[in-house]
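Q: sequence first, then the predicted structure:
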Amino acid sequence: MTAPNPARLIDGKALAARLRGKLQQKIQDWVEQGKPRPGLAVILVGADPASAVYVRNKIKACKDVGIESFHHTFGADLSEAALLAQIAELNADPNVHGILVQLPLPKHIDPQKVIEAIDPAKDVDGFHPANVGLLAIGKPRFIPCTPFGVMKMLEDEQVQLRGATACVVGASNIVGKPMTLLLQAAGATVTICNSKTRDLAFHTKHADVLVVATGRPKMITGDMIKPGAVVIDVGINRLDDGSLCGDVDFESANTVASAITPVPGGVGPMTIAMLLANCLGSAKAHH
Ligand SMILES: Nc1nc(=O)c2c([nH]1)NC[C@@H]1CN(c3ccc(C(=O)N[C@@H](CCC(=O)O)C(=O)O)cc3)C=[N+]21
(Lines give C-alpha, C1' and ligand atoms only; values in the text may rest on other atoms or scores of the structure.)
Protein backbone atom coordinates (compact mmCIF):
# COMPACT_ATOMS: atom_id res chain seq x y z
CA MET A 1 0.00 0.00 0.00
CA THR A 2 1.25 3.49 -0.79
CA ALA A 3 1.08 6.12 1.90
CA PRO A 4 -1.57 8.79 1.19
CA ASN A 5 -0.26 12.25 0.39
CA PRO A 6 0.16 14.39 3.47
CA ALA A 7 -1.71 17.70 3.55
CA ARG A 8 -0.02 21.02 2.87
CA LEU A 9 1.00 22.60 6.16
CA ILE A 10 -0.44 26.08 6.74
CA ASP A 11 2.44 27.84 8.46
CA GLY A 12 0.81 30.38 10.77
CA LYS A 13 4.07 31.15 12.46
CA ALA A 14 5.69 32.24 9.18
CA LEU A 15 2.64 34.21 8.01
CA ALA A 16 2.40 35.94 11.40
CA ALA A 17 6.07 36.90 11.15
CA ARG A 18 5.48 38.41 7.68
CA LEU A 19 2.47 40.35 8.95
CA ARG A 20 4.42 41.62 11.96
CA GLY A 21 7.18 42.82 9.63
CA LYS A 22 4.67 44.82 7.58
CA LEU A 23 3.07 46.19 10.74
CA GLN A 24 6.41 47.29 12.12
CA GLN A 25 6.99 49.31 8.93
CA LYS A 26 3.49 50.82 9.06
CA ILE A 27 3.92 51.81 12.70
CA GLN A 28 7.33 53.35 11.97
CA ASP A 29 5.81 55.40 9.11
CA TRP A 30 2.92 56.46 11.34
CA VAL A 31 5.19 57.60 14.16
CA GLU A 32 7.56 59.37 11.73
CA GLN A 33 4.57 61.43 10.57
CA GLY A 34 4.45 62.76 14.12
CA LYS A 35 1.45 60.63 15.08
CA PRO A 36 1.12 59.07 18.54
CA ARG A 37 2.73 55.67 19.02
CA PRO A 38 0.03 52.98 19.42
CA GLY A 39 -0.37 51.81 23.02
CA LEU A 40 -1.83 48.57 24.37
CA ALA A 41 -2.77 47.98 28.01
CA VAL A 42 -2.77 44.34 29.10
CA ILE A 43 -4.45 43.38 32.37
CA LEU A 44 -3.66 40.05 34.00
CA VAL A 45 -5.55 38.96 37.13
CA GLY A 46 -4.20 35.97 39.03
CA ALA A 47 -1.22 33.73 38.51
CA ASP A 48 -2.43 31.16 35.95
CA PRO A 49 0.91 30.08 34.41
CA ALA A 50 -0.48 29.67 30.85
CA SER A 51 -2.03 33.15 30.99
CA ALA A 52 1.24 34.61 32.25
CA VAL A 53 3.09 33.10 29.27
CA TYR A 54 0.51 34.43 26.78
CA VAL A 55 0.65 37.90 28.32
CA ARG A 56 4.45 37.89 28.18
CA ASN A 57 4.32 36.85 24.49
CA LYS A 58 1.86 39.65 23.70
CA ILE A 59 4.05 42.25 25.40
CA LYS A 60 7.14 41.05 23.54
CA ALA A 61 5.23 41.10 20.23
CA CYS A 62 4.20 44.70 20.93
CA LYS A 63 7.76 45.74 21.58
CA ASP A 64 8.98 44.07 18.36
CA VAL A 65 6.58 46.08 16.15
CA GLY A 66 6.82 49.38 18.03
CA ILE A 67 3.60 49.31 20.06
CA GLU A 68 3.98 50.65 23.58
CA SER A 69 2.56 48.26 26.15
CA PHE A 70 1.29 48.95 29.64
CA HIS A 71 1.25 45.89 31.82
CA HIS A 72 -1.09 45.69 34.84
CA THR A 73 -0.83 42.56 36.97
CA PHE A 74 -3.05 41.86 39.97
CA GLY A 75 -3.45 39.03 42.46
CA ALA A 76 -6.35 36.58 42.11
CA ASP A 77 -8.07 38.32 45.06
CA LEU A 78 -8.57 41.57 43.12
CA SER A 79 -12.18 42.74 43.54
CA GLU A 80 -14.41 43.19 40.55
CA ALA A 81 -14.89 46.85 41.54
CA ALA A 82 -11.13 47.44 41.57
CA LEU A 83 -10.80 45.88 38.12
CA LEU A 84 -13.62 48.04 36.77
CA ALA A 85 -11.90 51.10 38.25
CA GLN A 86 -8.63 50.16 36.54
CA ILE A 87 -10.46 49.81 33.22
CA ALA A 88 -12.11 53.22 33.68
CA GLU A 89 -8.67 54.75 34.19
CA LEU A 90 -7.36 53.13 30.99
CA ASN A 91 -10.49 54.20 29.07
CA ALA A 92 -9.56 57.79 29.93
CA ASP A 93 -5.83 57.47 29.19
CA PRO A 94 -5.00 59.06 25.79
CA ASN A 95 -1.80 56.98 25.47
CA VAL A 96 -3.81 53.75 25.57
CA HIS A 97 -5.51 52.78 22.30
CA GLY A 98 -6.18 49.15 23.12
CA ILE A 99 -7.25 47.40 26.33
CA LEU A 100 -6.98 43.64 26.71
CA VAL A 101 -8.15 41.88 29.87
CA GLN A 102 -6.68 38.40 29.75
CA LEU A 103 -9.34 35.68 30.05
CA PRO A 104 -10.26 33.58 31.95
CA LEU A 105 -10.81 35.73 35.04
CA PRO A 106 -11.10 34.44 38.64
CA LYS A 107 -14.58 33.05 39.39
CA HIS A 108 -15.71 35.98 41.57
CA ILE A 109 -15.40 38.39 38.61
CA ASP A 110 -18.12 38.51 35.94
CA PRO A 111 -16.27 38.53 32.60
CA GLN A 112 -19.21 39.98 30.69
CA LYS A 113 -19.38 42.94 33.06
CA VAL A 114 -15.65 43.50 32.55
CA ILE A 115 -15.88 43.29 28.75
CA GLU A 116 -18.74 45.78 28.76
CA ALA A 117 -16.72 48.21 30.91
CA ILE A 118 -14.08 48.56 28.19
CA ASP A 119 -14.53 51.56 25.88
CA PRO A 120 -15.73 49.88 22.62
CA ALA A 121 -13.29 52.13 20.73
CA LYS A 122 -10.40 50.51 22.67
CA ASP A 123 -11.75 46.95 22.63
CA VAL A 124 -9.03 45.43 20.43
CA ASP A 125 -10.28 41.91 21.29
CA GLY A 126 -13.60 42.80 19.66
CA PHE A 127 -15.57 41.23 22.52
CA HIS A 128 -17.75 44.24 23.50
CA PRO A 129 -21.42 43.80 22.46
CA ALA A 130 -21.19 47.00 20.38
CA ASN A 131 -18.34 45.49 18.36
CA VAL A 132 -20.04 42.09 18.13
CA GLY A 133 -23.09 43.90 16.73
CA LEU A 134 -21.03 45.87 14.20
CA LEU A 135 -19.44 42.62 12.99
CA ALA A 136 -22.84 40.94 12.73
CA ILE A 137 -24.20 43.70 10.48
CA GLY A 138 -21.13 43.64 8.24
CA LYS A 139 -19.58 46.89 9.50
CA PRO A 140 -16.75 45.56 11.69
CA ARG A 141 -14.71 47.88 13.93
CA PHE A 142 -12.50 45.34 15.72
CA ILE A 143 -12.60 41.77 14.45
CA PRO A 144 -11.81 39.22 17.23
CA CYS A 145 -8.14 38.30 16.80
CA THR A 146 -8.39 34.52 16.44
CA PRO A 147 -11.11 34.41 13.74
CA PHE A 148 -9.42 37.39 12.04
CA GLY A 149 -6.17 35.42 11.96
CA VAL A 150 -7.95 32.39 10.51
CA MET A 151 -9.40 34.53 7.70
CA LYS A 152 -5.90 35.88 6.93
CA MET A 153 -4.59 32.31 6.69
CA LEU A 154 -7.41 31.27 4.35
CA GLU A 155 -6.77 34.38 2.24
CA ASP A 156 -3.03 33.67 2.10
CA GLU A 157 -3.80 30.08 1.05
CA GLN A 158 -6.17 31.45 -1.61
CA VAL A 159 -9.00 29.29 -0.33
CA GLN A 160 -12.15 30.03 -2.33
CA LEU A 161 -14.87 30.79 0.24
CA ARG A 162 -17.59 32.07 -2.07
CA GLY A 163 -19.92 29.13 -2.60
CA ALA A 164 -17.90 26.83 -0.33
CA THR A 165 -19.35 24.78 2.49
CA ALA A 166 -17.81 25.61 5.85
CA CYS A 167 -18.31 23.99 9.23
CA VAL A 168 -17.35 25.60 12.54
CA VAL A 169 -17.18 23.25 15.52
CA GLY A 170 -17.47 25.24 18.74
CA ALA A 171 -19.88 28.14 19.26
CA SER A 172 -18.01 30.36 21.71
CA ASN A 173 -18.40 34.14 21.69
CA ILE A 174 -14.64 34.48 21.30
CA VAL A 175 -14.01 32.15 18.36
CA GLY A 176 -16.92 30.11 16.97
CA LYS A 177 -19.59 32.79 16.64
CA PRO A 178 -17.42 35.52 15.08
CA MET A 179 -15.74 32.88 12.87
CA THR A 180 -19.17 31.94 11.52
CA LEU A 181 -20.02 35.57 10.76
CA LEU A 182 -16.75 36.12 8.89
CA LEU A 183 -17.05 32.95 6.79
CA GLN A 184 -20.64 33.83 6.01
CA ALA A 185 -19.66 37.37 4.99
CA ALA A 186 -17.06 35.87 2.65
CA GLY A 187 -19.79 33.92 0.86
CA ALA A 188 -19.50 30.49 2.47
CA THR A 189 -22.47 28.39 3.53
CA VAL A 190 -21.76 27.83 7.21
CA THR A 191 -22.89 25.19 9.68
CA ILE A 192 -22.08 25.84 13.34
CA CYS A 193 -21.82 22.75 15.55
CA ASN A 194 -21.20 22.18 19.23
CA SER A 195 -20.14 19.29 21.43
CA LYS A 196 -23.74 18.05 21.65
CA THR A 197 -24.41 18.07 17.90
CA ARG A 198 -25.96 14.75 16.90
CA ASP A 199 -23.88 12.93 14.27
CA LEU A 200 -21.17 15.58 14.27
CA ALA A 201 -19.25 13.70 11.56
CA PHE A 202 -22.18 14.12 9.16
CA HIS A 203 -21.68 17.88 9.33
CA THR A 204 -17.89 17.97 9.41
CA LYS A 205 -17.65 15.56 6.45
CA HIS A 206 -19.55 17.98 4.21
CA ALA A 207 -17.19 20.87 4.87
CA ASP A 208 -14.73 22.20 2.30
CA VAL A 209 -13.42 24.38 5.13
CA LEU A 210 -13.48 22.97 8.67
CA VAL A 211 -12.67 25.20 11.65
CA VAL A 212 -12.40 23.48 15.03
CA ALA A 213 -12.48 25.36 18.35
CA THR A 214 -13.84 23.06 21.03
CA GLY A 215 -11.08 22.74 23.61
CA ARG A 216 -11.27 18.93 23.36
CA PRO A 217 -7.93 17.39 22.43
CA LYS A 218 -7.87 15.48 19.11
CA MET A 219 -11.67 15.18 18.95
CA ILE A 220 -11.81 15.55 15.15
CA THR A 221 -10.28 12.54 13.43
CA GLY A 222 -9.46 11.88 9.77
CA ASP A 223 -12.63 9.85 9.19
CA MET A 224 -14.71 12.95 10.06
CA ILE A 225 -13.06 15.08 7.36
CA LYS A 226 -14.03 15.49 3.70
CA PRO A 227 -11.16 14.41 1.45
CA GLY A 228 -9.36 17.54 0.23
CA ALA A 229 -10.83 19.83 2.90
CA VAL A 230 -8.91 22.73 4.44
CA VAL A 231 -8.69 22.15 8.20
CA ILE A 232 -8.07 24.96 10.68
CA ASP A 233 -7.32 23.82 14.24
CA VAL A 234 -7.89 26.56 16.80
CA GLY A 235 -7.40 24.32 19.85
CA ILE A 236 -4.36 24.49 22.09
CA ASN A 237 -4.37 21.70 24.66
CA ARG A 238 -1.51 20.82 26.96
CA LEU A 239 -1.15 17.06 27.43
CA ASP A 240 0.14 15.36 30.58
CA ASP A 241 3.61 14.97 29.03
CA GLY A 242 3.75 18.77 28.63
CA SER A 243 3.37 18.70 24.84
CA LEU A 244 0.75 20.74 22.97
CA CYS A 245 -1.93 19.34 20.71
CA GLY A 246 -4.92 20.71 18.86
CA ASP A 247 -8.59 19.77 18.77
CA VAL A 248 -7.84 17.89 15.55
CA ASP A 249 -6.04 14.55 15.50
CA PHE A 250 -3.27 15.77 13.21
CA GLU A 251 -1.92 12.36 12.31
CA SER A 252 -5.16 10.98 10.86
CA ALA A 253 -6.40 14.35 9.52
CA ASN A 254 -3.16 14.95 7.68
CA THR A 255 -3.80 12.06 5.27
CA VAL A 256 -7.32 13.28 4.35
CA ALA A 257 -7.14 17.10 4.27
CA SER A 258 -5.53 19.08 1.43
CA ALA A 259 -4.20 21.67 3.88
CA ILE A 260 -4.05 21.83 7.68
CA THR A 261 -2.76 24.11 10.42
CA PRO A 262 -0.28 22.67 12.94
CA VAL A 263 -0.46 23.15 16.71
CA PRO A 264 1.69 24.88 17.83
CA GLY A 265 2.73 27.20 14.99
CA GLY A 266 -0.69 27.60 13.38
CA VAL A 267 -3.52 29.80 14.59
CA GLY A 268 -1.84 30.89 17.87
CA PRO A 269 0.82 33.16 16.37
CA MET A 270 -1.79 34.64 14.00
CA THR A 271 -3.98 35.61 16.97
CA ILE A 272 -1.18 37.75 18.36
CA ALA A 273 -0.38 39.30 14.95
CA MET A 274 -4.01 40.37 14.53
CA LEU A 275 -4.07 41.84 18.04
CA LEU A 276 -1.17 44.07 16.98
CA ALA A 277 -2.98 44.99 13.76
CA ASN A 278 -6.08 45.94 15.76
CA CYS A 279 -3.95 48.15 18.04
CA LEU A 280 -2.57 50.10 15.08
CA GLY A 281 -6.09 50.38 13.66
CA SER A 282 -7.31 51.76 16.97
CA ALA A 283 -4.50 54.32 17.20
CA LYS A 284 -5.35 55.52 13.68
CA ALA A 285 -9.07 55.71 14.48
CA HIS A 286 -8.36 57.72 17.63
CA HIS A 287 -6.23 60.25 15.84
N1 LIG B 1 -8.68 38.77 26.29
C2 LIG B 1 -8.09 37.74 25.74
N3 LIG B 1 -7.71 37.77 24.44
C4 LIG B 1 -7.08 36.72 23.87
O5 LIG B 1 -6.76 36.77 22.66
C6 LIG B 1 -6.82 35.56 24.66
C7 LIG B 1 -7.22 35.57 26.00
N8 LIG B 1 -7.85 36.65 26.50
N9 LIG B 1 -6.99 34.49 26.79
C10 LIG B 1 -6.29 33.32 26.32
C11 LIG B 1 -6.42 33.16 24.84
C12 LIG B 1 -5.36 32.26 24.24
N13 LIG B 1 -4.63 33.08 23.30
C14 LIG B 1 -3.50 32.65 22.61
C15 LIG B 1 -2.75 33.45 21.79
C16 LIG B 1 -1.60 32.99 21.15
C17 LIG B 1 -1.15 31.70 21.36
C18 LIG B 1 0.10 31.23 20.71
O19 LIG B 1 0.83 31.98 20.10
N20 LIG B 1 0.43 29.92 20.83
C21 LIG B 1 1.63 29.30 20.31
C22 LIG B 1 2.22 28.32 21.31
C23 LIG B 1 2.43 28.94 22.67
C24 LIG B 1 2.85 27.89 23.69
O25 LIG B 1 3.91 27.28 23.50
O26 LIG B 1 2.09 27.71 24.66
C27 LIG B 1 1.30 28.49 19.07
O28 LIG B 1 0.14 28.09 18.93
O29 LIG B 1 2.20 28.27 18.28
C30 LIG B 1 -1.89 30.89 22.17
C31 LIG B 1 -3.04 31.34 22.78
C32 LIG B 1 -5.14 34.33 23.32
N33 LIG B 1 -6.18 34.43 24.16
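A: Perfect, thanks for sending it.

Q: when you work out contacts or count neighbours from here on, use the C-alpha atoms and nothing else.
A: Will do.

Q: can you pull the pLDDT of residue 2?
A: Per-residue pLDDT puts residue 2 at 53.

Q: swap that for residue 50, please
A: Reported pLDDT for residue 50: 86.

Q: pretty sure it is in a strand, no?
A: No: using DSSP: H, G, I helix; E, B strand; the rest coil, the secondary structure at residue 50 is helix, not a strand.

Q: how many other residues sit next to it?
A: Using other CA atoms under 10 Å, residue 50 has 10 neighbouring residues.

Q: gap between it and residue 216?
A: Distance, residue 50 to residue 216, using CA to CA, to the nearest Å: 17 Å.

Q: so residue 59 lies in a strand, does it not?
A: No: with three-state DSSP as the criterion, residue 59 is assigned helix and is not in a strand.

Q: what sits against it?
A: 69, 71 (CA atoms under 8 Å, 6 or more residues apart in numbering).

Q: ditto for residue 189
A: By CA under 8 Å, 6+ apart, the residues touching residue 189 are 163, 164, 165, 166, 183.

Q: got a PyMOL select line for the buried ones in these?
A: Only the buried entries of the contacts of residue 189 go into this PyMOL selection, using 16 or more other CA atoms under 10 Å:
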select buried, resi 164+165+166+183
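
Q: what's the closest non-adjacent residue to residue 162?
A: Once flanking residues are discounted, residue 162 sits nearest to residue 187: 4.1 Å by CA to CA, 6 or more residues apart in numbering.

Q: so who does the one you found touch?
A: By CA under 8 Å, 6+ apart, the residues touching residue 187 are 161, 162, 163, 164.

Q: how many neighbouring residues does the second one have?
A: The local packing count at residue 162 equals 13, with neighbours defined by other CA under 10 Å.

Q: the helices in the chain, which residues?
A: 12-32, 49-65, 80-91, 111-117, 129-136, 145-156, 176-185, 200-204, 250-253, 267-286 (DSSP state H).

Q: what's the least confident stretch among the ones you listed?
A: Mean pLDDT is lowest for helix 49-65 among the helices of the chain, at a mean of 93.

Q: report the buried residues of that one.
A: Going by neighbour count (16+ other CA under 10 Å), the buried part of helix 49-65 is 51, 52, 55, 58, 59, 61, 62, 65.

Q: that helix to helix 12-32, inter-axis angle?
A: Between helix 49-65 and helix 12-32, the angle comes out at 50 degrees (axes from the mean of the first three to the mean of the last three CA atoms, to 10 degrees).

Q: off-centre distance for helix 49-65?
A: Put simply, helix 49-65 sits 14 Å off its chain's centre (CA atoms, centre = their mean, to the nearest Å).

Q: for burial, what's the neighbour tally of the spatially closest residue to residue 136 that is not a sequence neighbour?
A: With sequence-adjacent residues excluded and distances taken as CA to CA, 6+ apart, residue 136 is closest to residue 181, at 6.4 Å. Other residues lying near residue 181 total 18 when counted by other CA under 10 Å.

Q: do I have it right that residue 181 meets residue 135?
A: Yes: look at residue 181 against residue 135 with CA atoms under 8 Å: they come within range, at 7.4 Å.

Q: show me which residues of the chain are close to the ligand?
A: 100-103, 125, 263-269, 271-272 (CA under 6 Å from any ligand atom).

Q: still on that earlier bit, the ligand: which of the contacts of residue 189 is nearest?
A: residue 183 (19.3 Å; CA to the nearest ligand atom).

Q: got the domain boundaries for the chain?
A: Domain assignment of the chain by automatic domain parsing yields the ranges 37-125, 144-267.
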